[in-house]
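A.B. asks: Build me a model:
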Amino acid sequence: MVTPLVVLSVAGTDSGGAAGLAADLATFAALGVHGTCAVTAVTAQDTTGVHRVVPMGAGDVRAQIRAVLDDLPLAAAKTGMLGSAEVAHVVTDLLAGSLPLVVDPVLVATSGAVLGDAALVRAYREVLLPRADVVTPNRDEAAALTGLPRDTDPEELALTVHALGPAVVLTGGEPGGEPGGEPGSGTCRDMVVRDGVLTLLEHPAVETTNDHGTGCTYSAALAVHLARGLDLEAAARHAQAFVAEALAVSAPWVLGRGRGPVAHVLTHPYKEN
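C.D. replies: Sure, this is the predicted structure:
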């Protein structure tokens, strides 16, 4: 057996098993890499919402990342919920510039719970994003990072986030409507911006309410493919295909009282395109 690549997730827990570290580590496993983690917060969470958040201190997060770095050959890292500006500084100090770093700027949960304050937004803008390789906001997160209204043209949103420093994948959501396309068109579109050039990546929409953890799963898959040496557009296409297949698998599930989980580990081996 070939020794697997090692990828790190710096994120919070989800007791419902749908998002955060649960999604990241399951996605890493599904894609054949060894997952490591640094816990930024412990949440009491289910498909209906986030009921409690217990943040980890920045020193505790630093110790976890340092332990991984000192022992294992990291090929890439990704962030999810950071929770505080201090943790964003730790991630920047230890990870930025040394390996592919994917930032999923988690600020608001699927349920609407606020997971990051104004100080964290400033730290993203001024500290972490200028040194990250790629950031994967959805439309709400892009609006929060830029200060622009959510209904701003998605191309302008993506380019304004890109102006902060990193490459950008503005991820989709509602079929045909996120970040571009006609509602009901059966197509979702992600926008990739690198070196000032914008590329649209389309994939068939999956009609489902089981989409809790989609953003975490996407950014985790993107980190895996960047770790393998793919360029950003190719990595984004692979991540997009993996998430679309995962959504199709979980679409008929009946789990929980809210928005159910996406199928991070597929019921059959994932085939890369």
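A.B. asks: use CA for all of it now, contacts and neighbours both
C.D. replies: Noted.
A.B. asks: ok, which stretches of the stretch 1-150 of the chain are strands?
C.D. replies: 6-12, 34-46, 49-55, 74-79, 101-103, 134-135 (DSSP state E, counting those that start in this stretch).
A.B. asks: These: lowest mean pLDDT?
C.D. replies: Lowest mean pLDDT of those: strand 49-55, a mean of 94.
A.B. asks: Can you give me the buried ones in that strand?
C.D. replies: Neighbour counts using 16 or more other Cα atoms under 10 Å place 49-50, 53, 55 of strand 49-55 among the buried residues.
A.B. asks: re the thing from before, I'd like the strands of the stretch 1-150 of the chain laid out as CSV, including distance to L94.
C.D. replies: Putting those into CSV (distance: least, Cα to Cα, whole Å) gives the following:
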stretch, distance to L94
strand 6-12, 12
strand 34-46, 12
strand 49-55, 19
strand 74-79, 11
strand 101-103, 11
strand 134-135, 16
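A.B. asks: sorry, back to before: how about JSON lines for the buried residues of strand 49-55, with distance to L21 added?
C.D. replies: Putting the buried residues of strand 49-55 into JSON lines (distance: Cα to Cα, whole Å) gives the following:
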{"residue": "G49", "distance to L21": "16"}
{"residue": "V50", "distance to L21": "15"}
{"residue": "V53", "distance to L21": "14"}
{"residue": "P55", "distance to L21": "14"}
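A.B. asks: Which one of these is nearest to V134?
C.D. replies: P55 (24.9 Å; Cα to Cα).
A.B. asks: Now that closest one. Nearest residue, chain neighbours left out?
C.D. replies: With sequence-adjacent residues excluded and distances taken as Cα to Cα, 6 or more residues apart in numbering, P55 is closest to A41, at 4.1 Å.
A.B. asks: give me the low-pLDDT residue ranges for the stretch 151-273 of the chain?
C.D. replies: 173-185, 267-273 (pLDDT under 70).
A.B. asks: Now do D71: how many residues are near it, please.
C.D. replies: For D71, the neighbour count with other Cα atoms under 10 Å is 8.
A.B. asks: ok, now which ones touch V39?
C.D. replies: Applying Cα atoms under 8 Å, 6 or more residues apart in numbering to V39 gives the contacts 10-13, 21, 56, 61, 64.
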